[in-house]
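Asker: Have a look at this prediction, sequence included:
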Amino acid sequence: METVLWLAHTEPDGSLPKGALEALTAARGEFAGATLIAGLVGHGLENAARQIAGCGAARILGVSGETFVQSRYASDAAAAEALCRAAGAGVVVAPGTSRWLRALPGVAFRLGGRADTHATRISHISGVPAISRWFYRQRMEATLTRTQRPWIILLDPGCYAKYDGAPGAAAVEAVSVAIPETRTSAVGVQSPKAEDQTIRPDARLLFVAGAGWTKKQGDGAAHPEEAEALILGFLRASQASLGSSKSLVDLSGEGQAVLRFMTHLNQVGQTGSTPRHPKGLSTCCHGEEPHVVGWRFVPQRRAVNLDPNCGWARGKADVLYVADAFEVMRRVNALLERT
Ligand SMILES: Cc1cc2nc3c(=O)[nH]c(=O)nc-3n(C[C@H](O)[C@H](O)[C@H](O)COP(=O)(O)OP(=O)(O)OC[C@H]3O[C@@H](n4cnc5c(N)ncnc54)[C@H](O)[C@@H]3O)c2cc1C
């Protein structure tokens, strides 16, 4: 019977990231009859071990120490490699965090195995583990298996429910690692102020702003300052996540009036991101295919556009409001202020 290693790193505060708990649900639930082993990397693993005490793991292995608090390829890869060797698992299930996405493919190479990133589901084909994965910017879904072991599967966030078992007492078996020589040291953390943070992966709503916000309007003038105020006002009140079309984020390069808080990280679409939010509202965006392909995982969609023939009208949105987005968002913001 297969042994499955669930491999997670803790956050610097010792907690487990949400994606790690989702990956644990997959590791527990998708390999009936397999032996589950938990592998933890970080510092002060006691809290994390307590949190997963009831998950049914036969062993909880840990690599712990100051060196493993910060994300760094050399130390992360060394820790993950040691845990994989200690567990001797055929399949490793790990969350697709930026930290693991960077380190684990190299670990698979060191172990003579294979890694697959962006898996969205684990299943079985004729009794053999299989994963689902989207290709060509979420236009095609494939289900694939591998013969090589260990097979490291990095799961995308939002595909499984979080493991939510009762905490309890749990002992961590320490796995020793020869700390590799490192050239990178963390000297501090710089992050944007909370109110500047417009990308909120866990938000219920994705609000997309398109290039129309900066275009000349009915009065013959562009109104980027008002656009900025309306969009930021809505984001503040709704706590929605902000997405953009490519045209809007590219405008800064062309020296046109731009929304100052918009960066290429906000871009949704074929050459942008494919976020997962339950609902989406598109404003001043034409709804062309290279943009809408990034909405693959947004099930409920609405759009506001002056043009009744825009792409959203062609089956890409559930509801299209043929209206002036400035007018609509002024009213929406006024309603939100009242509540
Ligand atoms: C290889 C390739 C990859 C690409 N990748 C991406 C990608 O990842 N993401 C992406 O977004 N695009 C991508 N594109 C570009 C894409 O094809 C479109 O050019 C882009 O999405 C258009 O952006 P837009 O709809 O904001 O702007 P526009 O096409 O300029 O549309 C602006 C819209 O605003 C509306 N409007 C104006 N004023 C108002 C108002 N007051 N109220 C309501 N509506 C108003 C107009 O009617 C118009 O429909 C890619 C293209 C290629 C070729």
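Answerer: Structure's in. What do you need?
Asker: so what pLDDT did the residue in the stretch 101-250 of the chain positioned nearest to the ligand get?
Answerer: Residue of the stretch 101-250 of the chain nearest the ligand, by C-beta to the nearest ligand atom: Gly212 (2.3 Å). (Each C-beta comes from the backbone N, C-alpha and C, glycine too.) pLDDT, Gly212: 96.
Asker: That one falls within a strand, correct?
Answerer: No - under DSSP: H, G, I helix; E, B strand; the rest coil, Gly212 sits outside any strand and is assigned helix.
Asker: avg pLDDT for the helix or strand where Leu206 lies?
Answerer: Using DSSP states H and E, Leu206 maps to strand 205-209. Mean pLDDT, strand 205-209: 98.
Asker: what's the answer for stretch 24-36, then?
Answerer: In the prediction, stretch 24-36 has an average pLDDT of 97.
Asker: can you pull the buried residues of it?
Answerer: Of the residues in stretch 24-36, Leu24, Thr25, Ala26, Ala27, Arg28, Glu30, Phe31, Ala34, Thr35, Leu36 count as buried by neighbour count, 16 or more other C-beta atoms under 10 Å.
Asker: The fifth one contacts Ile52, correct?
Answerer: Read it as Arg28. No - contact criterion C-beta atoms under 8 Å: Arg28 and Ile52 do not qualify, at 9.7 Å.
Asker: and this protein, which residues reach the ligand?
Answerer: Taking C-beta under 6 Å from any ligand atom as the criterion, the chain approaches the ligand at residues 210-212, 215, 217, 245-248, 267-272, 284-286, 288, 290-291, 294, 304-307, 310, 324-326.
Asker: Next step: those residues restricted to strands.
Answerer: Val304, Asn305 (DSSP state E).
Asker: among the residues of the chain next to the ligand, which are in helices?
Answerer: If you go by DSSP state H, the residues of the chain next to the ligand have Lys246, Ser247, Leu248, Pro290, His291, Ala325, Phe326 in helices.
Asker: how about the fourth one, what does it touch?
Answerer: Spelled out, that is Pro290. By C-beta atoms under 8 Å, 6 or more residues apart in numbering, Pro290 lies in contact with Lys246, Gly269, Gln270, Thr271.
Asker: CSV for these, including neighbour count?
Answerer: Listed next are the contacts of Pro290 as CSV, based on neighbours: other C-beta atoms under 10 Å:
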residue, neighbour count
Lys246, 21
Gly269, 22
Gln270, 18
Thr271, 13
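Asker: Looking at these, spot the one nearest Tyr163.
Answerer: Gly269 (32.4 Å; C-beta to C-beta).
Asker: Could you report the separation of Pro191 from Glu289?
Answerer: No Pro there; residue 191 is Ser. Note on Ser191: its distance to Glu289, by C-beta to C-beta, to the nearest Å, is 34 Å.
Asker: repeat for Lys193
Answerer: Distance, Lys193 to Glu289, by C-beta to C-beta: 36 Å.
Asker: tally of neighbours for the residue of the stretch 101-250 of the chain closest to the ligand?
Answerer: By other C-beta atoms under 10 Å, the residues close to Gly212 number 23.
Asker: pretty sure it contacts Ala303?
Answerer: No - if you go by C-beta under 8 Å, Gly212 and Ala303 don't touch, sitting 11.0 Å apart.
Asker: any shared contact partners between those two?
Answerer: Taking C-beta under 8 Å, 6+ apart as the criterion, Gly212 and Ala303 both touch Thr283, Cys285.
Asker: Tell me who's in contact with the closest residue to Glu289 other than its chain neighbours.
Answerer: For Glu289, ignoring the flanking residues on the chain, the nearest one in space by C-beta to C-beta, 6 or more residues apart in numbering is Gly311 at 7.1 Å. Shown in contact with Gly311 (C-beta under 8 Å, 6+ apart): His286, Gly287, Glu288, Glu289, His291, Val292.
Asker: Only the buried members of these: can you turn that into a PyMOL selection?
Answerer: Buried residues within these, by 16+ other C-beta under 10 Å, are selected in PyMOL with:
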select buried, resi 286+287+288+291+292
